[in-house]
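Colleague: This is a predicted model, with the sequence first.
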Amino acid sequence: GQGAEKFIYQVKGQEIPMHDPRVKTGVGLQYALSDYGADHMKAAHDPFFKDKDSVGIKEMKGLGILEPVSPTDIGEKKVTLFKILDIYLSVFDILGVCNFGYVPRSVGTMEELLEIIKSTTGWKTTWFELMKLGERSVNMARIFNYREGFTSKDDTLPEVFYQDFKGGPF
């Protein structure tokens, strides 16, 4: 109370992890828009998509991620990238798959993961179907949050992250 709220760095009650959204704008979008608040594991970190040789660009073309996006970009390309990755990482949450095992964070490919899913479940599925599942999950979480009183006013970052750095390498 009494103005102290501005010193609490959180989104939807979840504290801000160590990654500063002023230099990783995709992570910042995730912090603000995620159904459960700021979580660095729910975000695909911007450096994975910064140039044509980045693992995210090389390995995730099947999802429509074709061009590099600067870590500090905040335009339409970054928002589109965020949306695709939010749905993609929701699939990991649904299936209980470790985020560190597969692209964009690691060396396991999307096709390897798909084959593991098919062989362990017996499902004859595709990434298109899995992404539709992820999209439904994201939408249901937003609907649940709305029912619980969250609105678009809660989809924001603490004020400090809208201010320029006062020093340091940036």
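Modeller: Perfect, I can see it now.

Colleague: Could you look up the SS state of the residue most central in space within the chain?
Modeller: By Cα atoms, centre = their mean, the mean C-alpha position of the chain lies nearest to residue 43, the distance being 2.8 Å. When classified by DSSP: H, G, I helix; E, B strand; the rest coil, residue 43 comes out as coil.

Colleague: all helices for this structure, in order.
Modeller: Listed in chain order, the helices of the chain (DSSP state H) span 25-33, 55-59, 76-95, 110-121, 127-147.

Colleague: Out of the ones you listed, the one nearest residue 39 is which?
Modeller: For these, the distance to residue 39 is smallest for helix 25-33, at 7.3 Å, taking Cβ to Cβ. Using the backbone N, CA and C atoms, a C-beta is placed for each residue, glycine as well.

Colleague: With only the CA atoms kept, save that closest one in CSV.
Modeller: This file holds the C-alpha atoms of helix 25-33, laid out as CSV (Å, rounded to 0.1, in the frame of the first residue of the first chain):
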residue,chain,number,x,y,z
THR,A,25,11.5,-7.8,-26.0
GLY,A,26,10.0,-11.2,-26.8
VAL,A,27,10.6,-12.2,-23.3
GLY,A,28,8.9,-9.0,-22.2
LEU,A,29,5.9,-9.8,-24.3
GLN,A,30,5.7,-13.2,-22.6
TYR,A,31,6.1,-11.7,-19.2
ALA,A,32,3.2,-9.3,-19.9
LEU,A,33,0.8,-11.6,-21.8
